[in-house]
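> predicted model, plus sequence, below.
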Amino acid sequence: MDALELVALVAVSAAVAGAAGRTPVAAPLLLVAAGLAASYIPGVPDYTLDPHIVLPLILPPLLYTAAVDASYLDLRANIRPVALLSVGYVLFATFAVGWLAYVLVPDLPLTAALVLGAVVAPPDAVAATAIARRLGLPNRITTILQGESLVNDATAITAYKVALAAAVGEGVSWAGGIGEFALAALGGIGVGLVLMAPIHWLRRKLPDALLQNVLSLLIPFVAYAAAEEVGASGVLAVVVVALYLGHRAWQVDFATRLQEAAVWKMVAFVLESTVFALIGLQLPYVVQGLGPYGVGEAIGYALGVFVAVVVVRFVWVYPATFLPRRLSRRIREREPGVNWKAPLIVGWAGMRGVVSLAIAFSIPVATDGEPFPARNLVLFLTFTTVIGTLVVQGLTLPPLIRLLKLPGRDVQAETLAEAQAQSEASRAAEARLDALLADERNALPQPLEDRLRAVLERRRNAVWERLGSVNEVTGESVDDTYRRLSGEVIDAEREVFVRLRDERRIDDEMMRTLLRRLDLEEAAAYREESAD
């Protein structure tokens, strides 16, 4: 793939992802469909997934940006269901799907079938969590899906390595496999724990936001590489570091946080768009590699594996949800009100993604001169499982959520909690301001003192106003009207600065300084509409 082909892939992927916002279809699904369609267009280059790029270069930043935005406290509160899915389910699916594939496909060795099971075991919850947030699913379900996706890749990659070693005849024992799994898990967590505090200290000590954000871009790759170098899980190392940094993000300065949020939002958008388009573009390569297996025969196997993947998840999710509650009163008291609907959503949200394909493409063509058994078929079955779950489950998940009528987020209650928190913070700020102004060293002219108090009052009232009346003419809340008028007057100032620059009464450097001040004021006037 040359530079022009890479630029074209990123540009078209971003355009399709942007267009998805105007459709009812989630962006990952539209990107996969676009990739599938493009794979049939003559002249489209061969875009082949390289596991040496996807796993160490694409997976770490995607994990990092997801974990930084995740709530450490919510994940800790839901550690039991997250662990049951990200570790227990992945191992169960590895063996269950592997055994079913072994029964289904003639002449497929059990070890190769277990490799397939490990490859298709980890759901990629990017699409699922995007749908969950857009449709306002309860926060607990979204947290569980997000937490699962942060850890399950580490479990699957380790299980894959153990199964692959057995498949190529390296004589891995059960004890050896368990030991390797423990080393990878504990080692990855250990590397993350060792790195997180020094990295956070360095972030706080760097002199400016630009350097801090350069470090931010390097962190996931450093954590991943350091863990992999010692045979541990790079995935877990990245997740541990990111959760720690996200939990303590308030300790870095505001300029770093603003820049970092913008930078990582762009990075995640570009990477997610590109990898989902790449999934669709793999079709010609996968089909051409089937070799001795006929397409019709392989499609039959693919349908069987797809059904196995879907059913096995439900076989795990429902007992894992209700059996612990039946056995433990403490769990029943801590997690009340769970019915059959939430496990149904979690079970149906098991869409597979780019990690499964990347692991499948990393299967060696040959080891010590011996070809890996049925490698091309495993690739094909992985591809069809990824596409099948993304399309079938991805397209049906939104109507299923609407049909079940799960109680969504209580926007009114969330806004009330936000208003109460802001009111409490404003009272503390006013008390602090009074104490500061009582010191003659902090004396201010009355207009500037009034301005400080007006800013505090505006911040306190803004959230309450969202709970208040709506303008009957425009349909806007008081807060909406304020922000719109603020934008209008700032635009008027901006036009004057540009005109003065064009008339050569100020130079470009001065105009940029003045415009930056306006940009900051406009950013302060507009609250962030969503957490996406």
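Perfect, thanks for sending it. Numbers count the residues shown, from 1 in each chain.
> low pLDDT regions in this structure?
1, 125-136, 169-176, 291, 366-371, 408-412, 463-472, 474-475, 477, 525-532 (pLDDT under 70).
> strands along that one, start to end?
Along the chain, the segments classed as strands by DSSP state E run 366-367, 370-371.
> doesn't T389 make contact with V310?
Yes - using Cβ atoms under 8 Å, V310 is in contact with T389, at 7.4 Å. Where you see a C-beta, it was placed from the backbone N, CA and C, and this is true even at glycine.
> of these two, who's got more company?
Each of V310 and T389 has its neighbours counted (other Cβ atoms under 10 Å); T389 has more, 26 against 18.
> distance of the more buried one from V311?
For T389, the distance to V311 (Cβ to Cβ, to the nearest Å) stands at 12 Å.
> just D107 next, same as before
With distances taken as Cβ to Cβ, D107 is found 24 Å from V311.
> and these two? Which one has more around it.
Using other Cβ under 10 Å as the criterion, D107 and V311 rank with V311 on top: 14 against 7.
> ok so, going back, overlap of the contact sets of V310 and T389?
Shared contacts of V310 and T389, defined by Cβ atoms under 8 Å, 6 or more residues apart in numbering, are found at G350.
> residues in contact with the spatially most central residue of the chain?
The residue lying closest to the centre of the chain (Cα atoms, centre = their mean) is A66, at 3.7 Å. Going by Cβ under 8 Å, 6+ apart, A66 touches V126, Q146, S149, L150, A242, A268.
> in stretch 513-521, what counts as buried?
The neighbour-count check on stretch 513-521 (16 or more other Cβ atoms under 10 Å) flags L514, L515 as buried.
> can you show me the CA trace of it as CSV?
What follows is stretch 513-521, C-alpha atoms only, in CSV (Å, rounded to 0.1, in the frame of the first residue of the first chain):
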residue,chain,number,x,y,z
THR,A,513,-4.3,36.8,19.1
LEU,A,514,-7.6,38.6,19.2
LEU,A,515,-9.5,35.8,17.5
ARG,A,516,-8.1,33.3,19.9
ARG,A,517,-9.5,35.3,22.8
LEU,A,518,-12.9,35.2,21.1
ASP,A,519,-12.6,31.5,20.5
LEU,A,520,-12.0,30.9,24.2
GLU,A,521,-14.9,33.0,25.2
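> residues making contact with it?
With contacts defined as Cβ under 8 Å, 6+ apart, stretch 513-521 is touched by S486, I490, E493, R494, F497, I506.
> change it to 6 Å
With contacts defined as Cβ atoms under 6 Å, 6 or more residues apart in numbering, stretch 513-521 is touched by I490, E493, R494, F497.
> what would the residues you listed look like in JSON lines with distance to A237?
Listed next are these as JSON lines, based on distance: Cβ to Cβ, whole Å:
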{"residue": "I490", "distance to A237": "44"}
{"residue": "E493", "distance to A237": "48"}
{"residue": "R494", "distance to A237": "45"}
{"residue": "F497", "distance to A237": "48"}
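> and those, which are buried?
Among the contacts of stretch 513-521, those scoring as buried are I490, R494, F497 (criterion: 16+ other Cβ under 10 Å).
> possible to save these as a markdown table with distance to E180?
Shown next, in a markdown table, are the buried ones among the contacts of stretch 513-521 (distance: Cβ to Cβ, whole Å):
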| residue | distance to E180 |
| --- | --- |
| I490 | 59 |
| R494 | 60 |
| F497 | 63 |
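> so which of those belong to helices?
Using DSSP state H, the subset of those located in helices is I490, R494, F497.
> nearest to Y285, of those residues?
Of all those, Y285 sits closest to R494, with 50.5 Å by Cβ to Cβ.
> how long is stretch 81-93 from one end to the other?
16 Å (Cα to Cα, to the nearest Å).
> mind listing what's buried along it?
Neighbour counts over stretch 81-93 (16+ other Cβ under 10 Å) mark P81, V82, A83, L84, L85, S86, V87, Y89, V90, L91, F92, A93 as buried.
> now intersect the residues you listed with the helices, please.
Those of those mapping onto helices are P81, V82, A83, V90, L91, F92, A93, per DSSP H.
> ok, now which ones touch V115?
Neighbouring residues of V115 by Cβ under 6 Å, 6+ apart: A163, L164, A167.
> let's go with 10 Å and repeat that
The contact partners of V115, by Cβ atoms under 10 Å, 6 or more residues apart in numbering, come to 94, 98, 101, 109, 159-168, 359-360, 363, 372-375, 378, 382.
> so what's it closest to, chain neighbours aside?
Sequence neighbours aside, A163 is the residue nearest to V115 in space, at 4.5 Å (criterion: Cβ to Cβ, 6 or more residues apart in numbering).
> the stretch 201-350 of the chain: helices as residue ranges?
Assigned by DSSP state H, counting those that start in this stretch, the helices in the stretch 201-350 of the chain fall at 209-229, 234-247, 254-281, 283-288, 295-327, 329-334, 341-348.
> other residues contacting stretch 425-444?
Contacting residues not belonging to stretch 425-444 are listed as E449, D450, R451, L452, R453, V455, L456, E457, R458, R459, R460, N461 [Cβ under 10 Å, 6+ apart].
> ok, which pair from the contacts of stretch 513-521 is furthest apart?
Greatest spatial distance among the contacts of stretch 513-521 (Cβ to Cβ): I490 and F497, at 10.6 Å.
> quick one: P324 and N339, what's the gap?
Applying Cβ to Cβ, the value for P324 to N339 is 15 Å.
> so the two - more neighbours on which side?
Of the pair P324 and N339, P324 is the one with more neighbours under other Cβ under 10 Å, namely 16 against 11.
> do I have it right that the more buried one meets Y318?
No - using Cβ atoms under 10 Å, P324 is not in contact with Y318, being 11.7 Å away.
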